[in-house]
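Peer 1: Kindly return the folded structure for what I paste below:
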Amino acid sequence: MDVEGLLQSVIRFSNFMTSRLLVAGVVFYILSGFTDIGSSTEGFLPNADILNEVVQNYQNIFDVLGVSDFALLLILFVFLTTIHIVYVVFNRLGTYIPPAIIPLSGWEANDDVTLAAFDILREARGEEHTDEENQRLYEFKKKLREIEQTTEAAYHDEIAGVSTAYNISKTFVVFTALAGIYALVPGKYSGDMGLLAGILGISVATAVYTAFAIFRANYERIGTLREALIVQFLEFSRIWAPQEYQARIATACTPSRELKPAHFAVLVPVFGTLDELVVEVRRWRERRSRKRMRSA
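Peer 2: As a prediction, the model looks like this:
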């Protein structure tokens, strides 16, 4: 039995449930201040003795009420589904709340340091290439691709985790700010405004921290990938290319300063980013103007 794998699965499930319970709990706490079910600050924590008695006698209570075990499972399923939906909705909304952070893809970083260098390798061998040489180049390029995939997989979980936290914290900033404004204007909020302000402050701090964490992780990811690719390419060039071409290959493997490991952007559904939407709108206007000129 893989004890370590089982332990990791338990930890992942615990993190999975804790994150969703935390997000849904804060959301329902804020919403409870706008309902007539009572103040969310009064009796926030239940009495421990009464809670123990309820837990000990819950089966008798449900038996008296005529609630079956299937109904209990259905209630639990609805509860878990609700908190998961809240979590997913906040995550998806946060994806499109600016600013979004777009990481540089691994294949772009790969092409940036190897595309021109591959042309020099082909030039070093002249115009005629044997099948064996072409196969070696293909195998080497495949090896670089495997290095890229391995590096991406090593940083995937870390970047995905902080990206989700960043998206949810942005949604909480907007959600809490709107709730605070709505609470101040009608003045019918029964919750604690100080706690609401605290949630807003924590959300802002979390968004700033996770943004820095995303940039740091992507800088490490791209730096590790570029270093591994360049080392492999320089070692291969010493075997493949003559001496006069090796210096050119080393220069060609220099990373471009224009490609940043991550950058801020505004995401738009369907089109991707706002810049891509602007480009598409300009193309549509150009096509429309051409049709008008032809019809005229």
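Peer 1: Using the three-state scheme, assign H263.
Peer 2: strand (DSSP: H, G, I helix; E, B strand; the rest coil).
Peer 1: and it, what does it touch?
Peer 2: I101, I102, L104 (C-beta atoms under 8 Å, 6 or more residues apart in numbering). All C-beta spots, glycine's among them, are computed from the backbone N, C-alpha and C.
Peer 1: Just the residues you listed: which are in strands?
Peer 2: Those of those mapping onto strands are I101, I102, per DSSP state E.
Peer 1: ok, so of the contacts of H263, who is nearest L267?
Peer 2: The nearest member of the contacts of H263 to L267, counting by C-beta to C-beta, is I102 at 8.0 Å.
Peer 1: if you skip the residues just before and after it, what's nearest to the closest one?
Peer 2: For I102, ignoring the flanking residues on the chain, the nearest one in space by C-beta to C-beta, 6 or more residues apart in numbering is A265 at 4.8 Å.
Peer 1: wait, that neighbour sits on L274?
Peer 2: Yes - under the criterion of C-beta atoms under 8 Å, A265 makes contact with L274 at 7.1 Å.
Peer 1: Beta-bridge partners for the residue nearest to I102, please?
Peer 2: A100 (DSSP bridges).
Peer 1: Give me the pLDDT for the nearest residue to N91 once chain neighbours are set aside.
Peer 2: Closest residue to N91 apart from its sequence neighbours, by C-beta to C-beta, 6+ apart: N167 at 5.1 Å. Here the pLDDT value assigned to N167 is 96.
Peer 1: Now do the contacts for N167.
Peer 2: For N167, the contact set (C-beta under 8 Å, 6+ apart) comprises F90, N91, R92, L93, G94, T95, I97.
Peer 1: now do 6 Å
Peer 2: Counting by C-beta atoms under 6 Å, 6 or more residues apart in numbering, N167 touches N91, G94, T95.
Peer 1: same thing with I120?
Peer 2: Y245, R248, I249, A252 are the contacts of I120 under C-beta under 6 Å, 6+ apart.
Peer 1: what's the spacing between the first one and T35?
Peer 2: Right, the one you point to is Y245. 74 Å (C-beta to C-beta, to the nearest Å).
Peer 1: So for those two, which sits in the more crowded spot?
Peer 2: Each of Y245 and T35 has its neighbours counted (other C-beta atoms under 10 Å); Y245 has more, 18 against 11.
Peer 1: what about the strands in the chain?
Peer 2: Ranges of strands within the chain are 100-103, 262-265, 267-268, 272-273, based on DSSP E.
Peer 1: Return the most buried member of those.
Peer 2: strand 100-103 (a mean of 19; mean count of other C-beta atoms under 10 Å).
Peer 1: Please save the CA atoms from it in PDB.
Peer 2: Provided in PDB are the C-alpha atoms of strand 100-103 (Å, rounded to 0.1, in the frame of the first residue of the first chain):
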ATOM      1  CA  ALA A 100      -5.400  39.400 -15.300                       C
ATOM      2  CA  ILE A 101      -1.900  37.900 -15.300                       C
ATOM      3  CA  ILE A 102      -1.000  36.000 -18.500                       C
ATOM      4  CA  PRO A 103       2.100  33.700 -18.200                       C
END
